[in-house]
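In: sequence first, then the predicted structure, then my questions.
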Amino acid sequence: MDAPVVCLDDGEDLRLIFRQLVEYKCGVGCITFGSFHKLLERSQEVLKSKLIFLDINLKPDEPSGIDAYSWLIKNNYKGKIFFLTGHGHSHPLVRKAEQSGIQVLEKPIPAEQLSAIILNAVNDQAKAVQ
Amino acid sequence: MKQETAYITQKARTGLAVTAAINIFGMLMEIVVGRSIPNMPIWPPIVSIVAGTSIFYILFLYKFRLTLSQISILYLLNSSLVAVVLFMRNPLYAEFAANWVPFQAGKLGCMIVALTAPNFIVGMIGIGFYTGGSIANFLLFPNEIREGLAFGEPIPIIAFAMASMFALIFRTRQMTLEHRLQRSLAEAAAVKSLAEAFVHLRDLMNTPLQTIELSVSMLDEKHERQKEFMDKIRNAIKELSKLNKMLSTYERKIDWKQQPHFFEVDSGDVLPHNPVGDKKINDNR
């Protein structure tokens, strides 16, 4: 089943609760991944999604959310991308990402705000398709 | 402050070692030069050499335990001994040496003090020793010797003293600026390591905070009766988020290139452009 929302984050508990929140509060499907490699295993589903949340700093010695972002752009991803990070704004790469039109959300973001972002983005995409 | 003192003390220690070495070498020369002068006492330069060697020994023995005051005392002892030796031997040169150029060693002493004194006050006292000794010598010379001296004395020794004072002022000022620079660098390094520690701290706390925030929101929906407790947890999250924001201000001081385990980018430092992002930026923050 295709899920409109994808989340890449190395926090296992956060992934679980994020998925539940998206499904329960926003009423849309969500798949989550703990690493970029796991995300690649289901690349077709990921590329069909409408919205992706990428944590930037994943586990040490593993590709980061920025690598995932580069992969998405390279593969012509049509959905919206958000960075969901603990401390992104001061990092030069994240600042660059912001300049190129990606929203950087700083953890912890209130649940209501997160739900609103997801609903807005999903609705925008639906309108664009119509 | 401790670092600054250590820096000054180290400079003072080097200055003392240099002056003691010049004392030993200079006095050996003095013995050689003065050996043809009748009745020239040899013991003063020997005492001075012994003192210079003892200073070296003390420096070696107590290396890093000597305080700035102790170094200053040793420095003044060394300078005063040299000045006394010159004071004792100058009259004999003036009387018996042909074409003696007066107070050359005193003038040289002034310049050495300007370049090696541990601080301004000690430097001024050192210059005072050499200048005072030479002027006292001059005033105590009998008239016939005084008239036979090089033209203009004691003005040249005073001119040397003045020039040395200016050099001393310039050098001690430079030293102060160097201390300040050193202190600023040390402070910047401390702030940087603090910022790095905060980045790690935030890295550890942000994801759990987000998990709690989302969990509380979910529990809110399911347990309406527990709302009061949920609000308490939510307030705690707000407080922790404030702390989190406060810590984030330090991130600007981070040199991210020196944080290899943060944001390791396998695909290089170039971010591809996001074509979707250009369409609409809906900032919900």
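Out: Yes, it's here.

In: ok now do B:Gly109, which residues does it touch?
Out: Applying Cβ atoms under 8 Å, 6 or more residues apart in numbering or on different chains, one finds that B:Gly109 lies in contact with B:Ser79, B:Val82, B:Ala83, B:Leu86, B:Gly126, B:Phe129, B:Tyr130. The way it works is simple: take the backbone N, C-alpha and C, and place the C-beta from them, glycine included.

In: CA atoms only: put the helix or strand hosting it into CSV for me.
Out: Following DSSP states H and E, one finds B:Gly109 within helix B:104-116. Coordinates of each C-alpha in helix B:104-116 appear next as CSV, following Å, rounded to 0.1, in the frame of the first residue of the first chain:
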residue,chain,number,x,y,z
GLN,B,104,79.9,51.7,27.1
ALA,B,105,79.0,48.7,29.2
GLY,B,106,76.4,50.8,31.2
LYS,B,107,74.8,51.9,27.9
LEU,B,108,74.7,48.4,26.7
GLY,B,109,73.2,47.3,30.1
CYS,B,110,70.4,49.8,29.6
MET,B,111,69.5,48.4,26.2
ILE,B,112,69.6,44.8,27.5
VAL,B,113,67.2,45.7,30.4
ALA,B,114,64.8,47.3,27.9
LEU,B,115,64.7,44.1,25.9
THR,B,116,64.6,41.5,28.8
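
In: quick check: buried residues in it?
Out: By neighbour count on 16 or more other Cβ atoms under 10 Å in any protein chain shown, the buried set for helix B:104-116 is B:Gln104, B:Ala105, B:Gly106, B:Lys107, B:Leu108, B:Gly109, B:Cys110, B:Met111, B:Ile112, B:Val113, B:Ala114, B:Thr116.

In: now do stretch B:17-30
Out: Buried residues in stretch B:17-30, defined by neighbour count with 16+ other Cβ under 10 Å: B:Ala17, B:Thr19, B:Ala20, B:Ile22, B:Asn23, B:Ile24, B:Gly26, B:Met27, B:Glu30.

In: can you give the distance from stretch A:105-121 to the centre of its chain?
Out: Distance of stretch A:105-121 from the chain centroid (Cα atoms, centre = their mean, to the nearest Å) equals 11 Å.

In: enumerate the residues of the stretch 51-200 of chain B near chain A.
Out: Counting by Cβ under 8 Å from any Cβ of the partner chain, the stretch 51-200 of chain B comes close to chain A at B:Val199.

In: can you tell me the residue of the stretch 51-200 of chain B closest to chain A?
Out: For the stretch 51-200 of chain B, the residue closest to chain A is B:Val199, as judged by Cβ to the nearest Cβ, at 6.2 Å.

In: just after the host helix or strand of that residue, pick out the following helix or strand.
Out: Applying DSSP H and E as the criterion places B:Val199 in helix B:155-222. Where DSSP H and E defines the elements, the next helix or strand beyond helix B:155-222 is helix B:227-248.

In: in that following helix, what's buried?
Out: B:Met230, B:Ile233, B:Arg234, B:Ile237, B:Leu240, B:Ser241, B:Asn244, B:Leu247, B:Ser248.

In: kindly report the same for stretch A:95-108.
Out: Neighbour-count burial for stretch A:95-108 [16+ other Cβ under 10 Å]: A:Ala97, A:Glu98, A:Gly101, A:Ile102, A:Gln103, A:Val104, A:Leu105, A:Glu106, A:Lys107, A:Pro108.

In: ok, now stretch A:11-19?
Out: By neighbour count on 16+ other Cβ under 10 Å, the buried set for stretch A:11-19 is A:Gly11, A:Leu14, A:Arg15, A:Ile17, A:Phe18, A:Arg19.

In: take those residues and write them to a markdown table, including distance to B:Ala195 and pLDDT.
Out: Compiled in a markdown table, those are given as follows (distance: Cβ to Cβ, whole Å; pLDDT from 0 to 100):
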| residue | distance to B:Ala195 | pLDDT |
| --- | --- | --- |
| A:Gly11 | 23 | 88 |
| A:Leu14 | 25 | 91 |
| A:Arg15 | 29 | 93 |
| A:Ile17 | 30 | 91 |
| A:Phe18 | 29 | 93 |
| A:Arg19 | 34 | 93 |
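
In: look at the residue in chain A positioned nearest to chain B and report its pLDDT.
Out: Chain B sits closest to A:Gly101 of chain A, with a gap of 2.2 Å, by Cβ to the nearest Cβ. pLDDT for A:Gly101: 75.

In: ok, back up a step: A:Ser115: which of the buried residues of stretch A:11-19 is nearest?
Out: A:Phe18 (11.0 Å; Cβ to Cβ).

In: surely the closest one is in contact with A:Cys26?
Out: No. Here A:Phe18 does not reach A:Cys26: they are 10.9 Å apart, not a contact under Cβ atoms under 8 Å.

In: got a pLDDT number for B:Lys63?
Out: B:Lys63 carries a pLDDT score of 78 in this model.

In: count the neighbours of the nearest residue to it once chain neighbours are set aside for me.
Out: With sequence-adjacent residues excluded and distances taken as Cβ to Cβ, 6 or more residues apart in numbering or on different chains, B:Lys63 is closest to B:Arg13, at 7.9 Å. Other residues lying near B:Arg13 total 20 when counted by other Cβ atoms under 10 Å in any protein chain shown.

In: next up, the contacts around B:Arg13.
Out: B:Leu59, B:Lys63, B:Leu66, B:Ile71.

In: so residue 127 is in which element?
Out: No chain was given, so I picked chain A. helix A:111-129.

In: that answer is for a different chain, and I need it for chain B
Out: helix B:120-140.

In: tell me what angle that helix forms with helix B:155-222.
Out: Inter-element angle recorded for helix B:120-140 and helix B:155-222: 180 degrees (by axes from the mean of the first three to the mean of the last three Cα atoms, to 10 degrees).
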